[in-house]
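In: Next one to model:
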Amino acid sequence: MMKRLFFACVAALLCGMASFAQEPAVPEGPGLEFVVELHVTCDPAFTVGDTAHGRRIVIPITGGTFEGPKMKGVVLAGGADYQLQDQEHGRTELEAIYCIRTDDGVSIHVRNWGLSVMGRDESGRTQFYFRTAPKFEAPRDSPYGWLNDAIFVCAPGPNAPGDTVCLRVWKVL
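Out: This is a model prediction of the structure:
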């Protein structure tokens, strides 16, 4: 009887050690939920010049529209896209600061930071990377308060005519 109990304890211990030694399961990556597509109009860019941090470029935002499954409205004039270019390395930091107003009259502040990188892959083909992470500030008591409590990513949409920039935004799940 003692022998069986001893072997049962050893077997349980070995099984426990085997399961402890196994690598933990890697969780799946986050999902994305489409939020909105913006069509932002801009005035021509101007440059501040070469600063201590790189070439500073400012692109005034003059308006536009946006629409998604849970929101629709206009982009308000008065914001700008502030860019810092490192021409030697083909890298630009972007920070667009502007406001949008929904069709039901709610104003939302947007600060959109990101990167644009132009380079070449191993075969010499031109590669372009452009991603941003918009941060929304909406009135907490509005139907858009949920924008305050999530992380978002943004990529350019299809080319738009004239001085219009198309941006697509997803919520990270």
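
In: quick one: Pro69 and Phe34 touch, right?
Out: Yes. Under the contact definition of CB atoms under 8 Å, Pro69 touches Phe34, with a separation of 7.0 Å. Heads up, the C-betas are built off the backbone N, CA and C, glycines and all.

In: okay, these two: which has more neighbours?
Out: Phe34 (12 against 9; other CB atoms under 10 Å).

In: doesn't the more buried one fall inside a strand?
Out: Yes. Looking at Phe34 with DSSP: H, G, I helix; E, B strand; the rest coil, it is inside a strand.

In: residues touching the residue nearest to it when sequence neighbours are not counted, list them.
Out: The shortest distance from Phe34 to any non-neighbouring residue, by CB to CB, 6 or more residues apart in numbering, is to Trp170 (5.5 Å). Applying CB atoms under 8 Å, 6 or more residues apart in numbering, we find Trp170 in contact with Leu32, Glu33, Phe34, Val35, Phe152, Val153, Cys154.

In: Please point out which parts of the host helix or strand of Trp170 sit buried.
Out: Using DSSP states H and E, Trp170 maps to strand 164-172. Residues Thr164, Val165, Cys166, Leu167, Arg168, Val169, Trp170, Lys171 are the ones in strand 164-172 that count as buried (16 or more other CB atoms under 10 Å).

In: residues contacting the closest residue to the fourth one other than its chain neighbours?
Out: Pointing back at Leu167 there. Setting aside the residues directly before and after it, Leu167 is nearest to Leu38 in space (CB to CB, 6+ apart), at 4.6 Å. By CB under 8 Å, 6+ apart, the contact list for Leu38 reads Gly64, Thr65, Phe66, Val75, Ile100, Val165, Cys166, Leu167, Arg168, Val169.

In: With Leu167 instead?
Out: Counted by CB under 8 Å, 6+ apart, Leu167 has contacts Glu37, Leu38, Val40, Asn112, Thr132, Cys154, Ala155, Pro156, Gly157.

In: Mark which of those are buried, thanks.
Out: Judged by 16+ other CB under 10 Å, buried ones among the contacts of Leu167: Leu38, Val40, Asn112, Thr132, Cys154.
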